[in-house]
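Enquirer: Got a predicted structure here, sequence first:
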Amino acid sequence: MRAALVGIDFGAGDFAASLEELSLLARSAGADPITTITAKRSSPDPAHFVGSGKADEIAMACKADGIEIVIFNHALSPAQQRNLERRLEVRVVDRTSLILDIFAQRAQSHEGKLQVELAQLQHLATRLIRGWTHLERQKGGIGLRGPGETQLETDRRLIGERVKQLRIRLTKLRKQHETQRRQRGRNQTFSVSLVGYTNAGKSTLFNTLTKAGVYVANQLFATLDTTSRRLYLGDEVGSVVISDTVGFVRELPHQLVAAFRATLEETIHADLLLHVVDGNSPVRMEQIEQVNDVLREIGADHVPQILVWNKIDAAGLEPGVERDEYDKISRVFISAHSGAGLDLLRDAIVEAAKSVKGGDNSNEEQDLSDDEFSHGFTEDGPTGGGSLGGPADNMPTPPHVGPH
Ligand SMILES: Nc1nc2c(ncn2[C@@H]2O[C@H](COP(=O)(O)OP(=O)(O)OP(=O)(O)O)[C@@H](O)[C@H]2O)c(=O)[nH]1
Ligand SMILES: [Mg+2]
């Protein structure tokens, strides 16, 4: 589908990087970005988001390039979206809808699909309600007994019923997982979650560490469901469980964070987070912050974290480790592609497992198969041992750390 991208520079953040991300998002959704239209504004125009002249420019580009869809790098109000569609005579989507769309295409598991549907319906519901108040305002709020209103009310009621149903089913699934987690928690298996910005290389790392064959792609949100595997780390700590998770993105629609809470629960209950960073991205610091924001939002900011500085092959860095002031490993430089630094990362996990488990992690037989399973089984919360050192604030550009 031929797409035009529209980005407005409000003077905050790295505009070029955010447009590049929009292009990757669009491609991940199956669109083909043909042209990009940008403008500078201090604030959005209430009617069309962009100014009138810019709207004409977009309309012209649409005609000239045979554009079928216009994708905005922003959240549009329902009224703005409608006005734009009327004026441009093509479909207009905003960033939120685009991300929801990718999630809908990617969802594999039963639970994942329910979560996406819930998020989409909630997004739709806000738009119906806002659309309705918009209408009300136009008519001065009097005599709103037209057929349109009745239809809207019906739609809203049906959506409300479905949302309720989905919530009940998701709650049930969540309880099941909790029970599983508790039962399996008796084994005290140390659990590690890979978290990080989308496209950071989590699945690639997961694959090289576990040789699992998880879908890797230069696409955003290639992974939607949590996949877990057992990873044997030597006699000292035995096996740990490692989970690959959904990637985060800036301005992740709030409904999605809420809907995916159950999936992300894996992350909250992990003993250790490996926060994977695309060390070659110019906006990596911003991405680290975005990820930490979401972690805070889902209540996983208390889980010990090690930064995994990935893609050192592309960034021209050497493998290495950094320690914080408590001598805990805070950052490991690796390449999931070439395998450089993976031995250091394994050592770092072993060290973390030993410190959290107080060094007496029993290595008895566990009632788990080595097969892939989709939900975790750690005890609730970390088992103590304190912080392994989160990422330092204002971290400088990574130094060329020599192999240790
Ligand atoms: N140069 C280089 N590229 C890498 C490395 N690790 C991963 N990549 C590439 O980065 C892209 C994203 O990798 P994924 O493993 O799918 O990333 P992810 O974090 O799982 O992404 P989502 O599942 O979408 O959140 C792919 O094109 C990988 O080939 C690395 O060490 N070096
Ligand atoms: Mg992935």
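Expert: It's in. Residues are numbered from 1 along each chain as shown. Ligands and ions are numbered 1, 2, ... in the order given.
Enquirer: For the stretch 51-200 of the chain, what lies in contact range of ligand 1?
Expert: By C-beta under 6 Å from any ligand atom, the residues of the stretch 51-200 of the chain that approach ligand 1 are 196, 198, 199, 200. Where you see a C-beta, it was placed from the backbone N, CA and C, and this is true even at glycine.
Enquirer: By neighbour count, which of these wins?
Expert: Counting neighbours by other C-beta atoms under 10 Å, the top entry in those is residue 200, with 28 neighbours.
Enquirer: who touches that residue in this structure?
Expert: 247, 276, 277, 278, 287, 310 (C-beta atoms under 8 Å, 6 or more residues apart in numbering).
Enquirer: Quick check: the farthest pair among the residues of the stretch 51-200 of the chain next to ligand 1?
Expert: Using C-beta to C-beta, the pair of these lying farthest apart is 196 and 199, separated by 8.9 Å.
Enquirer: what is in contact with these two at once?
Expert: Shared contacts of residue 196 and residue 199 (C-beta under 8 Å, 6+ apart): residue 247.
Enquirer: Output the residues of the stretch 51-200 of the chain next to ligand 1 in a markdown table, with secondary structure appended to each entry.
Expert: Converted to a markdown table, these look like this (DSSP: H, G, I helix; E, B strand; the rest coil):
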| residue | secondary structure |
| --- | --- |
| 196 | strand |
| 198 | coil |
| 199 | coil |
| 200 | coil |
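Enquirer: Considering only those residues, which also neighbour ligand 2?
Expert: Among these, proximity to ligand 2 is found for none (C-beta under 5 Å from the ion).
Enquirer: Residue 264: which of the residues you listed is nearest?
Expert: Nearest member of these to residue 264, counting by C-beta to C-beta, is residue 196, at 12.8 Å.
Enquirer: ok, which stretches of the stretch 201-350 of the chain are strands?
Expert: 227-232, 239-244, 272-278, 305-310, 320-323, 329-333 (DSSP state E, counting those that start in this stretch).
Enquirer: now the fifth one: how far from the chain's centre is it?
Expert: This means strand 320-323. Put simply, strand 320-323 sits 26 Å off its chain's centre (C-alpha atoms, centre = their mean, to the nearest Å).
Enquirer: Partner strands of it, with direction?
Expert: Strand pairing for strand 320-323, using DSSP bridges, gives strand 329-333 (antiparallel).
Enquirer: tell me the mean pLDDT for the strand it pairs with?
Expert: Mean per-residue pLDDT for strand 329-333: 97.
Enquirer: Same check on stretch 189-203?
Expert: Computed over stretch 189-203, the average pLDDT equals 91.
Enquirer: again, but for stretch 343-355
Expert: Here the average pLDDT along stretch 343-355 is 93.
Enquirer: Could you do stretch 159-176 as well?
Expert: Across stretch 159-176, the average pLDDT comes to 89.
Enquirer: quick one: low-confidence ranges for the stretch 251-400 of the chain?
Expert: 251-252, 254, 259, 262-263, 357-400 (pLDDT under 70).
Enquirer: where does it come near ligand 1, residue by residue?
Expert: By the rule C-beta under 6 Å from any ligand atom, the part of the stretch 251-400 of the chain lying against ligand 1 is 310, 311, 313, 314, 335, 336, 337.
Enquirer: From residue 101, how far out is the residue nearest to residue 173 when sequence neighbours are not counted?
Expert: Take residue 173 and drop its neighbours on the chain: the residue closest to it by C-beta to C-beta, 6 or more residues apart in numbering is residue 111, 5.3 Å away. For residue 111, the distance to residue 101 equals 19 Å [C-beta to C-beta, to the nearest Å].
Enquirer: How about residue 282?
Expert: Distance from residue 282 to residue 101, by C-beta to C-beta: 26 Å.
Enquirer: quick one on the thing from earlier: out of the contacts of residue 200, which comes closest to residue 230?
Expert: Ranked by distance to residue 230 (C-beta to C-beta), those are led by residue 276 at 19.5 Å.
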